[in-house]
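> Here is my input, please return the structure:
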Amino acid sequence: MLNLIVSGASGRMGNRIIALAGDIENLKLIGALERKDSADLGKDIGSITGIGETGVRVTDSVGAIPEKGDVLVDFSSPSATIACLKSLANEPIPVVIGTTGFSKDEIEYIKLYAQNTPCVFAPNMSVGINLLLRILMDIAKVTGDDYDVEIIEAHHRLKKDAPSGTAMKMAQVLASALGRDLEESAVYARHGLIGERTNREIGIQTIRAGDIVGEHTVLFGGLGERIEITHKASSRDTFARGAIKAALWVHKQTPGLYDMQDVLGLK
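Now for the predicted structure:
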């Protein structure tokens, strides 16, 4: 039996992971973490997610969980993620991190943590997106500088970071395939008299509206034709199932930093 802890348990993703985890054989929810000022502290997480009483109370620290966890899945906030990893420093357990919006220093700390225990760190846990990342690299290697590359992403109005972590991962994959420095090539907004587009740009545009779960389109624009590849998520369960798959996988791995490409065997 694999003991599961979910960080960001009251959030949209945490809710779905907890709800779906109950149907997975050999997976037992033992902990639900939230921030220190959460109104849900002390409540049974089942009453929050709508799955009925579970006996698992929401707490703000791993140390308050009565059983030892085997794997932790994190969909919280960058600061909460890092705080959680630091609390596990003396007794590290495998982690799956789907949180986005990390700073460079925070990413370096995640890498440091992964030196001692396996860690899956991915901005998007869906099978479709990770297949798309593989396809994007193949297309970019063929089209090269002859096709302009633009990424358009759309999410719900409550999403805090922009561009999305998935869009940035796409941009990183494309920049690598095209032999470009993303910091130099990325264009996040266009306004006014900007002049002609260069063939080295990677456009990354953001839309925030309503309850959009997540949509990403990559456009390769050539002379006389264009290629558009789009992924649309209609339910967060897609990401939740991917996170659970990663949790079951990472527990069996050696220390190191992995992503969903590793989990799905796409490397």
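
> what about dumping the CA coordinates of stretch 170-178 to PDB?
In PDB, the C-alpha atoms belonging to stretch 170-178 read as follows (Å, rounded to 0.1, in the frame of the first residue of the first chain):
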ATOM      1  CA  MET A 170       6.600  24.200 -25.100                       C
ATOM      2  CA  ALA A 171       8.700  27.300 -25.700                       C
ATOM      3  CA  GLN A 172      11.700  25.600 -24.100                       C
ATOM      4  CA  VAL A 173      11.300  22.500 -26.300                       C
ATOM      5  CA  LEU A 174      10.900  24.700 -29.400                       C
ATOM      6  CA  ALA A 175      13.900  26.800 -28.500                       C
ATOM      7  CA  SER A 176      16.100  23.700 -28.000                       C
ATOM      8  CA  ALA A 177      15.000  22.200 -31.300                       C
ATOM      9  CA  LEU A 178      15.600  25.400 -33.100                       C
END
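
> residues of the host helix or strand of residue 106 that come out buried?
Assigned by DSSP states H and E, residue 106 belongs to helix 104-114. For helix 104-114, a neighbour-count test (16 or more other C-beta atoms under 10 Å) marks 106, 110, 113, 114 as buried. (Glycine included, C-beta is placed from N, CA and C.)

> Find the nearest non-adjacent residue to the last one, please.
Using C-beta to C-beta, 6 or more residues apart in numbering and skipping residues adjacent in sequence, the residue nearest residue 114 is residue 257, 4.0 Å away.

> what bridges to that neighbour?
residue 119 (DSSP bridges).

> count of residues packed around it?
Residue 257 has 17 neighbours, counted by other C-beta atoms under 10 Å.

> quick one: contacts for it?
Contact analysis of residue 257 by C-beta atoms under 8 Å, 6 or more residues apart in numbering lists 110, 111, 114, 119, 121.

> In CSV: the residues you listed, plus distance to residue 30.
As requested, the contacts of residue 257 are exported to CSV (distance: C-beta to C-beta, whole Å):
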residue, distance to residue 30
110, 23
111, 27
114, 23
119, 19
121, 23
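
> Dump the C-alpha coordinates for the longest helix belonging to the chain into CSV.
Selection of the longest helix in the chain by residue count, based on DSSP state H, yields helix 127-143. C-alpha atoms of helix 127-143 as CSV (Å, rounded to 0.1, in the frame of the first residue of the first chain):
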residue,chain,number,x,y,z
VAL,A,127,-0.8,12.4,-21.7
GLY,A,128,-1.9,14.5,-24.7
ILE,A,129,0.3,17.5,-23.8
ASN,A,130,3.3,15.3,-23.3
LEU,A,131,2.8,13.6,-26.7
LEU,A,132,2.4,17.1,-28.2
LEU,A,133,5.8,18.1,-26.8
ARG,A,134,7.4,15.2,-28.5
ILE,A,135,5.7,16.1,-31.8
LEU,A,136,6.7,19.8,-31.5
MET,A,137,10.3,19.0,-31.4
ASP,A,138,10.1,16.9,-34.5
ILE,A,139,8.2,19.6,-36.5
ALA,A,140,10.6,22.4,-35.4
LYS,A,141,13.6,20.5,-36.5
VAL,A,142,12.2,20.2,-40.0
THR,A,143,10.6,23.7,-40.3
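
> Could you check how far that helix is from the centre of its chain?
The chain centroid and the centroid of helix 127-143 are separated by 18 Å under C-alpha atoms, centre = their mean, to the nearest Å.

> Can you give me the buried ones in that helix?
Buried residues in helix 127-143, counted by 16+ other C-beta under 10 Å: 127, 129, 130, 132, 133, 136, 139, 140, 143.

> is it true that the fifth one touches residue 264?
By that I understand residue 133. No: counting by C-beta atoms under 8 Å, residue 133 stays clear of residue 264, with 10.3 Å between them.

> re earlier: next helix or strand past the longest helix of the chain?
As assigned by DSSP H and E, the chain's next helix or strand after helix 127-143 is strand 148-155.

> Quick one: list the elements packing against that next one.
Here strand 148-155 touches helix 165-178, strand 202-208, strand 214-221, going by 3 or more C-beta pairs under 8 Å, 6 or more residues apart in numbering; DSSP states H and E.
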